[in-house]
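A.B. asks: next comes the sequence, and after it the predicted model I'd like to discuss.
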Amino acid sequence: MVKLRTDIQNDLDELTQKKEDFDKHINTTMSELQDHAKSQHPTVLFRARNVADYTLSTTDQTIIFNEVLYNDGGGYNSATGTFTAPVKGTYLFTINLCPARNKSIFYAIMVKEEVVANGHTHVVSGFLCVSDDAIVQLDVNDVVYVNSIDEPRFKTRFEYDEQLLEKMIRMEFEHELWEKRINETIGNMVKLRTDIQNDLNELTRNKEDFDKHINATISELQDHAKSQHPTVLFRARNVVDYSLSTTDQTIIFNEVLYNVGGGYNSPTGTFTAPVKGSYLFTVNLCPAKNKSIFYAIMVKEDVVVNGHTYNVSGWLCVSGEAIVQLDANDVVYVKSMYTSDVLLESGLLNSFDPKANSFSGVFLY
């Protein structure tokens with residue numbers, strides 16, 4: 001009997017040690033989950049300059065930038081001038097082009113063979129550079145490049161389906177050895193069988209409570225990871241009023257390409273921040289031939305960025321960007337600051353023309 005009691009105590013001590021080892025395993029797993037969450041935001045960036053062909057004599061020719069300054073993530077191919085997305089997510093692309101003196105450039109940023117941003121300089125006296133950007137959602141292996149174009153490429157408005165990344169983490173615990181040891185111990189017990197069964201039931205209840213706690217902790221970690229970096233972005237183009245005859249008139253971009261997070265209001269032309277954080281806003285405006293545009297990006301009724309073209313002969317687009325910190329419900333919009341402002345609606349490439357006027361924003365962190 002003394003030996004049997006000693007064996008039972010040894011088994012209970014071993015079960016207690018197993019539980020302690022299990023606790024350590026859970027802590028290690030939680031640490032790995034946190035490290036995994038950090039790894040979901042890899043660094044992907046590149047910059048290239050100089051072009052392989054400065055004449056661009058072929059229609060819809062890809063502009064190949066062949067001098068690579070950096071290419072983290074390996075997405076850019078200097079031989080073809082294309083970028084292939086290594087991971088799924090939201091990307092920002094920027095471009096700067098400088099045509100030869102008294103020459104023109106019509107360009108488009110292409111994503112999956114569709115135009116997502118375009119611009120031009122046309123019959124401008126002297127030297128002039130043009131820049132643009134595009135914020136897009138890409139799947140793995142989607143291709144992005146820049147084309148030289150001479151006529152519209154638009155077919156329909158672009159719609160990108162938002163797909164939220166959900167990660168289901170399943171943990172399986174093996175209890176075979178425990179059950180075998182308990183069954184062997186019960187087989188050797190006669191008088192103390194009831195006490196052993198009570199201990200086993202208590203351990204089972206503790207395990208169930210522990211499992212519930214772990215599942216709740218994993219769910220909280222997943223919710224916390226999602227709340228740390230919500231997806232908020234929008235892009236709109238075309239304007240309601242091209243004449244802009246009123247001083248301090250809000251420029252309303254009424255064709256919404258995408259509006260993830262629901263912050264942009266197309267009837268008013270305003271963006272209302274759904275969450276607190278840092279945001280990037282960009283605007284591209286193309287005045288009518290020989291006309292002017294004076295604009296400002298407004299945040300909480302204060303000018304954070306402004307620019308203009310004035311008294312320029314020919315066709316010219318102007319762009320600007322602002323990185324700002326917003327509280328929830330702060331309002332951002334673009335306004336015209338001069339009564340003689342007139343935006344390009346037609347006359348250059350017809351339906352291609354108004355789509356060059358655009359307003360974009362994205363939540364950074």
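C.D. replies: Nice, thanks for sending it over.

A.B. asks: in three-state terms, label T194 for me.
C.D. replies: With DSSP: H, G, I helix; E, B strand; the rest coil as the basis, the three-state label of T194 is helix.

A.B. asks: now do it, the pLDDT please.
C.D. replies: Per-residue confidence at T194 stands at 78 (pLDDT).

A.B. asks: and what of I186?
C.D. replies: pLDDT at I186 comes out at 70.

A.B. asks: point me to the helix or strand that includes it.
C.D. replies: Here I186, judged by DSSP states H and E, is contained in helix 176-188.

A.B. asks: from the chain's centroid, how far away is that helix?
C.D. replies: Distance of helix 176-188 from its chain centroid, counting by Cα atoms, centre = their mean, to the nearest Å, is 54 Å.

A.B. asks: then stretch 201-213?
C.D. replies: Centroid separation between stretch 201-213 and its chain, computed with Cα atoms, centre = their mean, is 41 Å.

A.B. asks: could you list the alpha-carbon positions for it in CSV?
C.D. replies: Below are the C-alpha coordinates for stretch 201-213, written out as CSV (Å, rounded to 0.1, in the frame of the first residue of the first chain):
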residue,chain,number,x,y,z
ASN,A,201,-11.4,15.3,-13.1
GLU,A,202,-9.9,18.4,-11.6
LEU,A,203,-7.0,18.4,-14.0
THR,A,204,-9.5,18.0,-16.9
ARG,A,205,-11.5,21.0,-15.7
ASN,A,206,-8.3,23.0,-15.4
LYS,A,207,-7.3,22.1,-18.9
GLU,A,208,-10.7,23.1,-20.3
ASP,A,209,-10.5,26.5,-18.5
PHE,A,210,-7.0,26.9,-19.8
ASP,A,211,-8.0,26.1,-23.3
LYS,A,212,-10.8,28.7,-23.1
HIS,A,213,-8.3,31.2,-21.8
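
A.B. asks: now it: buried residues?
C.D. replies: L203 (16 or more other Cβ atoms under 10 Å). All C-beta spots, glycine's among them, are computed from the backbone N, C-alpha and C.

A.B. asks: now swap in stretch 120-133 and tell me
C.D. replies: Quick answer for stretch 120-133 (16+ other Cβ under 10 Å): 120-122, 124, 128, 130-133.

A.B. asks: thinking again about what came up before, what's in contact with the helix holding I186?
C.D. replies: With Cβ atoms under 8 Å, 6 or more residues apart in numbering as the test, helix 176-188 has contacts from 4, 7-8, 11, 14-15, 18, 193, 196-197, 200.

A.B. asks: and these, which is closest to L92?
C.D. replies: Minimum distance to L92 across these is 51.2 Å, recorded for K18 (Cβ to Cβ).

A.B. asks: hang on, A328 packs against K276?
C.D. replies: Yes: judged on Cβ atoms under 8 Å, A328 makes contact with K276 at a distance of 5.1 Å.

A.B. asks: so what sits against both of those two?
C.D. replies: Joint contacts of A328 and K276 (Cβ under 8 Å, 6+ apart) do not exist.

A.B. asks: walk me through the domains of the chain.
C.D. replies: Using automatic domain parsing, the domains assigned to the chain come out as 2-39+168-228, 45-164+231-363.

A.B. asks: for those domains, which has the smallest mean pLDDT value?
C.D. replies: Among the domains of the chain, domain 2-39+168-228 scores lowest, at a mean of 72.

A.B. asks: returning to that earlier point: please identify the deepest-packed of the domains of the chain.
C.D. replies: domain 45-164+231-363 (a mean of 17; mean count of other Cβ atoms under 10 Å).

A.B. asks: G74 and F46, how far apart?
C.D. replies: Using Cβ to Cβ, to the nearest Å, one obtains 9 Å as the distance from G74 to F46.

A.B. asks: which residues in the stretch 1-150 of the chain form helices?
C.D. replies: 2-39 (DSSP state H, counting those that start in this stretch).

A.B. asks: please enumerate the strands of it.
C.D. replies: 45-51, 61-62, 65-72, 76-77, 82-84, 89-97, 105-111, 114-122, 130-138, 143-148 (DSSP state E, counting those that start in this stretch).

A.B. asks: now render those as TSV, adding distance to D353.
C.D. replies: What follows is the strands of the stretch 1-150 of the chain, written out as TSV (distance: least, Cβ to Cβ, whole Å):
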stretch	distance to D353
strand 45-51	26
strand 61-62	22
strand 65-72	27
strand 76-77	31
strand 82-84	27
strand 89-97	18
strand 105-111	11
strand 114-122	9
strand 130-138	15
strand 143-148	18
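
A.B. asks: out of those, which is closest to N27?
C.D. replies: So among these, strand 89-97 is nearest, using Cβ to Cβ, at 30.3 Å.

A.B. asks: helices or strands next to the closest one in the packing?
C.D. replies: strand 105-111, strand 130-138, strand 143-148 (3 or more Cβ pairs under 8 Å, 6 or more residues apart in numbering; DSSP states H and E).

A.B. asks: how far does stretch 51-63 stretch from start to finish?
C.D. replies: With Cα to Cα, to the nearest Å as the measure, stretch 51-63 spans 7 Å from end to end.

A.B. asks: sorry, that was for stretch 243-256
C.D. replies: Stretch 243-256 end-to-end distance (Cα to Cα) = 21 Å.
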